[in-house]
Structure formats: structure tokens, C-alpha cells
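Engineer: just a sequence and a predicted model for now, questions to come.
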There are 2 protein chains.
Amino acid sequence: MSVNLEVVREVSEFNNYYNSLAELLNRHLADNNLSLSALRVLIKLREEEEQCTAGKLIANLGIDGGYLSRILKSFESNQLIAKRKSNLDGRTWYLQLTAKGSKLLETLEQGSAEQIGKLLEPVPAEQQLALAGAMKTVRHILSDDAKISPEDITYRRDLQPGDAGFLMHMHGSLYAKEAGYNLEFETHTCKTFYEFLEAYNSSKDQVFLAMHGNQIIGSIAVLGHSRYATQMRWFLVHPDYRGIGIGQRLLTEAINAAKEKLFQKIYLITTSQQVAATSLFKKNGFRKSGEKHMPMWGLQLTEERYEIDLI
Amino acid sequence: MSVNLEVVREVSEFNNYYNSLAELLNRHLADNNLSLSALRVLIKLREEEEQCTAGKLIANLGIDGGYLSRILKSFESNQLIAKRKSNLDGRTWYLQLTAKGSKLLETLEQGSAEQIGKLLEPVPAEQQLALAGAMKTVRHILSDDAKISPEDITYRRDLQPGDAGFLMHMHGSLYAKEAGYNLEFETHTCKTFYEFLEAYNSSKDQVFLAMHGNQIIGSIAVLGHSRYATQMRWFLVHPDYRGIGIGQRLLTEAINAAKEKLFQKIYLITTSQQVAATSLFKKNGFRKSGEKHMPMWGLQLTEERYEIDLI
DNA sequence: TTTTTTAATTGCTTTTGTCAAACAGATTTC
DNA sequence: GAAATCTGTTTGACAAAAGCAATTAAAAAA
């Protein structure tokens, strides 16, 4: 993968900036006679919970063995950690935080939170959210394990100003990128949104949005087109958030909403390209009720219709 | 301003994460026998260019005076900086990087860039851009002086999939927040975008987008509705980017495009609420050609029409 | 069994950073 | 205008943080 020089420059400047900021944020450590390395060890120990050895810490934290040994020794003499001899290897010890250790860590984080609170105090609420989002993005992009978990995702059912546009944006850009659709597809999406917004009626229509912070990252809708049938539309999960059950959750919500509104059937139109989505539809009881080859969105596609009976 | 606990938690985790990363990014410093503090001093000296004193460095970098004195002494003996006695105050010295000092700094940054390059190497290009954007956002929110400058903004004239949706999103959410418009406004915007996308023709229509990284932060369009007149639409600059001339640049581009396409007149419709925009219109030669009080977007508004003759 | 490797520790050293005192020029006070 | 105070910088003494190399003891390989 090639590296963008502008990006390198920004990372460099950011690093430079953050070096100053870190000094401020980590100042409270001195009050507790801990070095930054010692704190990192404590945090890592909490993360690993059990079966953490010195070697693991050295590998993970990039810390010198001798130095670490002394840090651990002082932790032990302060009863912050407990050592347990491995019976697989007589040289290694399993390290574990004691209750006292956990408590100290909490106190430290309390102190850190106070520092951060002071830093954030003059920042408007909305910018605070944007900050958290940006930091999460940085971590998410740079680290393998800062995976987003289902608990980070919230859901909402109301459509607020800006939502429709953002959904259209997601559809337009993602389908262009992932399926190669052209602008015509966004035009079509725009039309469907216009028709929806014009005739929106909460007794027959229902939108669900999956949110990460204040960002929409997934969507689905059921639109009552007749007294008996409702159309499912705009089923999409942002690629960064796939594979953690958001799609299934949205689908379940949509089916339940259609049932609550007493529709007898849900139908939807998709293409044969949408393999992941169609397999999810089938798993949830939908069956294919039609297909049609046709030129669409600049490609030659197979349009598929799926249906499910709700009674 | 109240502080969001979730945000504090994310900042804390980010800090924790970045402490590990910083260790990696700053590793190359050791090769040049420099401490992080020493590097920060060098960078600050370059920034300040002239008339930088030890006191200024102490205040800006939060570094101990004694320690700094030694750092500077070593810099001087290595001919990285030159000292010049102040004639206003016999105690102070003006510090300045020598050519050798600047060169060292460049070498260091080269090393840093290599580290960063390695870090970014496995990251897809698009994510790299998102990373830079997120880092810029963090700096921008937390520091007063990381202001966005006009040079950071790029412009493009082509409409890519996802753009229309994002513009609709910006209009819907910003007008809701800043002017109190309801969903009807987004419905209307949706309609205008649908009409535009349906009939898009580059010989008469032109969109301009102001970009920060890969994010749209401003827009304008001229839409040829007849052979003689073109309508200006979607003039908007994201609030975080106002006041640095983006609006004027967009307006100029739009007027020029209308002239190039040989339209005789531009008209636009806005409301009396849009004080900043209308004053910009007037400054650029537009005159008010009509107004109408009416209920709109959930409010009682005064719709205004502006025109400019291009011939 | 011997050799080699590996996990952890210990001794020694350098680097980094802090604190308090000293110093010298500037400013204020009487 | 001399004494006292304050300010910007330096120096000395010291402590904490971190790195390096040698050592130990257990495990794995030869």
C-alpha cells in the first residue's frame, strides 16, 4: 500500500502536538510515584487478567526486561500484584493485579479523568463528541484490536433532519465503491428518499438507524406501500461495522415493526451482487419471488425480489 | 461547559493507546542522542524563528529551567543553536537555530517520517486520509492555534456518488441546528437534488465543492434553468470552516462558471435569516429583487430573491 | 549428558529530569 | 541613589527512569 505524504506530515505534526499534550495528561502520575512505563504495565496487567508473564509484558510494551523486573518487584513489595509460579515452566511467574492494585489503577484513572475534564471543560458539547469520535477513528484505523463491539452501537427510530441525506450519502458512496454503481444509483436513491419524505407516516413507515456516537453507521426501513404489504428499503451497514451482528439486529427490528403494524407481507428488491445481505434475508425466512436481468446503474445486473409472509 | 463522561473515557483510552504508539514513533530519537524534550525545544526554536528566549521555551514547553539550560548548553556546544545577547535585558539571550540545527531537525523528521511510513504502510489509502482528518480534528478541537487555513482546503468540480447525499445531509442538519428548520426543509432539499440529478448536464450545470481531506465542507452550484438565467443553489460552508474566505471563493467560482457558460443572469432564493450569506451576495453585486413572507420549514420566514446581471 | 536457548534477575551505567541555591541584571521601594 | 526585591538564567546536588551486559536457573535441543 502506498503512503500519502500529506498524511505522513499530519501524523508527524499530530505526534508533535500530542507529545506536548501527553506531558499535561500524564502529570498526575508523579503524584503517585509511578512512571509512565509502570502505569502501562498496570494497565496491561488488568487487560490480560490472568496468565500474564513478564515476557508477555516485554513483548507487548516494548520495555526493557531489567527495568520491568524492577517495576514488578516494587509492585510486589507494595502488594499491587501477586506472583504465581507456573507449573508448566519453572522460570516464569503468572502476574496478576491484587485488589489493591486494581484500586490504585482506578484512583489513577480518576486523576487522569480530572485532568481530561479540565482540558475538555472549555470545549462545546458537540465538539467533545466529535473529539471522541475522531480519537476512536484514530485508534480504530491504527490498531488491530480496537474493534468496535456491539455495545458501542446504539439504535434510534426517529428520523432527524440530516439523516435522510446521510443515508443517501452512505448508499451512493458505498455502492459506488463496493459494487461499482454510478451516479444514476444515487439519483434513484434520492428519488426513493423524496417519495418517502413526502409521504412519511409513522403509522405505516418505520426507519431504524444504527449509530456509533452521533454517526449513522447502519440503516433499514419498512415502508407501507399498501394495506397488506410493506417494502423493506435502505438496508445497509457501513463496512467498518460489519460482522458484529448489526445487520441481523436491524433486520429483526424491521420484521418486528412490520408485524406490529399488522402488515401481512414484507417484500424487498435487491441485486444478486448482495450476497451477504441475501443470505441474511434467507436465514430470516425470506424467499426469492422473482428476478430480472437488466442494465442498471451503469452495469448489467440481476435484480432480485424477496418476500416473507408475516401471518 | 459540562463534560461528557463517555468522552472522558474515550480520551483516557486514547491517551493510553497513544502512549504506546508514541514510544514507537519517537524511538528514532535515541539514534540521534536526543531526548523528547530536546526535540520539542528544537521544534519550538524553529517555529519561533527569532527572538526566542529560554524563558519563552520554559513557559511554552513546561520544561524545567535548569534542565533546559543544560539542553541549550549542549545544543550550543554542538553548534545547533546560536546565542545573541539582548540589548534590552542583559540577562536574556536570543536563541536561534543554526543551519546545522535546522538540518538536524530535518534529518530527525525524515527518520520520524520513515517510522510513520512503516506504520501507515498496511493501511488502505482511504483510511489513511480518514486518519489524517481525524488527527487534524483532534488538534483542531483541543488547540487554539491549529486553525484551519485556506491552504488546507481543496476544491473540486465533479460530482461523485455520495456527494449529493452528503450535501443534503449538511443542509438538513445545519439548517435544523442553526435556523431551526424542520424535516420539511430536508424534504425540499431532497426534491431539488432529485430534480438536479435527473436533469444534470455539465454544459449548463456546475457544482463546486470545498473539501478538507476527503470531507465536503462547503458547496455551491449554478443550475441552468433557462437559456438566459441560472439559479444559484446549495451555498453553504460548514460552521467549523467559516470566516477564512471559503464562501467568497465558492461564490466567485460560481459567478465565473455562470459567465463562462454565457448566462446573462444569476438568481437565487434565500431567507432574511441568512445574514452572512446575503451580505456576501450584495458585496458581489447581487441585488434583492423580491421578498415574500410565508410559513416555511415550520417557521414564519421571509423568502428573498437576489439577482445579478452578468452582461 | 552436554550444549544451547530462554525467562527472569541483578549490577552497573547513562540519561533524563527535579529542586534548591546562586548569580547577575532589572525593577521597585524608600 | 542605595537597598531590597524581582526576574531570567545558570549551577550543583540529587533522584528517578531507562538501558546494557552479565548472571542465574529452568527448559529445550543436540
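Structural biologist: Received the coordinates, thanks. Numbers count the residues shown, from 1 in each chain, chains lettered A, B, ... in the order given.

Engineer: list the contacts of the residue in the stretch 201-311 of chain A positioned nearest to chain B.
Structural biologist: Chain B sits closest to A:Gly213 of the stretch 201-311 of chain A, with a gap of 8.4 Å, by CB to the nearest CB. For glycine as for every other residue, the C-beta is placed from the backbone atoms N, C-alpha and C. Residues in contact with A:Gly213 (CB atoms under 8 Å, 6 or more residues apart in numbering or on different chains) are A:Leu129, A:Ala132, A:Gly133, A:Lys136.

Engineer: between those, which is closest to A:Val11?
Structural biologist: Here the nearest of those to A:Val11, counting by CB to CB, is A:Lys136; it sits at 16.8 Å.

Engineer: ok, the closest one touching B:Arg9?
Structural biologist: No. At 10.7 Å, A:Lys136 does not count as touching B:Arg9 under the criterion of CB atoms under 8 Å.

Engineer: more neighbours: these two, which one.
Structural biologist: Between A:Lys136 and B:Arg9, counting by other CB atoms under 10 Å in any protein chain shown, A:Lys136 is the more crowded of the two (20 against 14).

Engineer: any idea which element that one lies in?
Structural biologist: Per DSSP states H and E, A:Lys136 falls inside helix A:125-142.

Engineer: in that helix, which residues are buried?
Structural biologist: Residues of helix A:125-142 classed as buried by neighbour count (16 or more other CB atoms under 10 Å in any protein chain shown): A:127-142.

Engineer: and if you look at stretch A:176-194?
Structural biologist: By 16+ other CB under 10 Å, the buried positions in stretch A:176-194 come out as A:176, A:181-183, A:185-194.

Engineer: next one: stretch A:196-206
Structural biologist: A:Phe196, A:Leu197, A:Lys204, A:Asp205, A:Gln206.

Engineer: just the helices from the stretch 1-150 of chain A, written as ranges.
Structural biologist: Applying DSSP state H, counting those that start in this stretch to the stretch 1-150 of chain A gives helices spanning A:5-25, A:36-48, A:54-61, A:65-77, A:99-120, A:125-142.

Engineer: out of those, which comes closest to B:Leu21?
Structural biologist: Nearest of the helices of the stretch 1-150 of chain A (CB to CB): helix A:125-142, 6.8 Å.

Engineer: A:His212: how many residues sit nearby?
Structural biologist: By the criterion of other CB under 10 Å, A:His212 has 19 neighbours.

Engineer: now for it: which residues touch it?
Structural biologist: A:Gly133, A:Ile148, A:Asp152, A:Ile153, A:Thr154, A:Tyr241.

Engineer: just the buried ones out of those, please.
Structural biologist: By 16+ other CB under 10 Å, the contacts of A:His212 give A:Gly133, A:Ile153, A:Tyr241 as buried.

Engineer: let's have these in TSV, adding pLDDT and distance to DNA strand C.
Structural biologist: Shown next, in TSV, are the buried ones among the contacts of A:His212 (pLDDT from 0 to 100; distance: CB to the nearest atom of the strand, whole Å):
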residue	pLDDT	distance to DNA strand C
A:Gly133	83	31
A:Ile153	88	38
A:Tyr241	85	37
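
Engineer: so which of the residues you listed comes closest to DNA strand D?
Structural biologist: Closest approach between these and DNA strand D, by CB to the nearest atom of the strand: A:Gly133, at 30.4 Å.

Engineer: contacting residues for that closest one?
Structural biologist: A:His212, A:Gly213, A:Asn214, A:Gln215, B:Ala134.

Engineer: distance of A:Ser143 from A:Ala130?
Structural biologist: Distance of A:Ser143 to A:Ala130, computed by CB to CB, to the nearest Å: 20 Å.

Engineer: dump stretch A:294-306 to PDB, keeping only the CA atoms.
Structural biologist: Coordinates of each C-alpha in stretch A:294-306 appear next as PDB, following Å, rounded to 0.1, in the frame of the first residue of the first chain:
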ATOM      1  CA  MET A 294     -31.300  -5.700 -16.700                       C
ATOM      2  CA  PRO A 295     -28.900  -2.800 -17.200                       C
ATOM      3  CA  MET A 296     -28.800  -0.800 -14.100                       C
ATOM      4  CA  TRP A 297     -26.600   1.900 -12.600                       C
ATOM      5  CA  GLY A 298     -24.100   1.500 -15.400                       C
ATOM      6  CA  LEU A 299     -23.800  -2.300 -15.000                       C
ATOM      7  CA  GLN A 300     -25.600  -5.400 -16.200                       C
ATOM      8  CA  LEU A 301     -27.300  -6.600 -13.000                       C
ATOM      9  CA  THR A 302     -29.800  -9.200 -11.900                       C
ATOM     10  CA  GLU A 303     -32.500  -7.600  -9.800                       C
ATOM     11  CA  GLU A 304     -34.000  -9.900  -7.300                       C
ATOM     12  CA  ARG A 305     -37.200  -9.700  -5.300                       C
ATOM     13  CA  TYR A 306     -37.600 -11.300  -1.900                       C
END
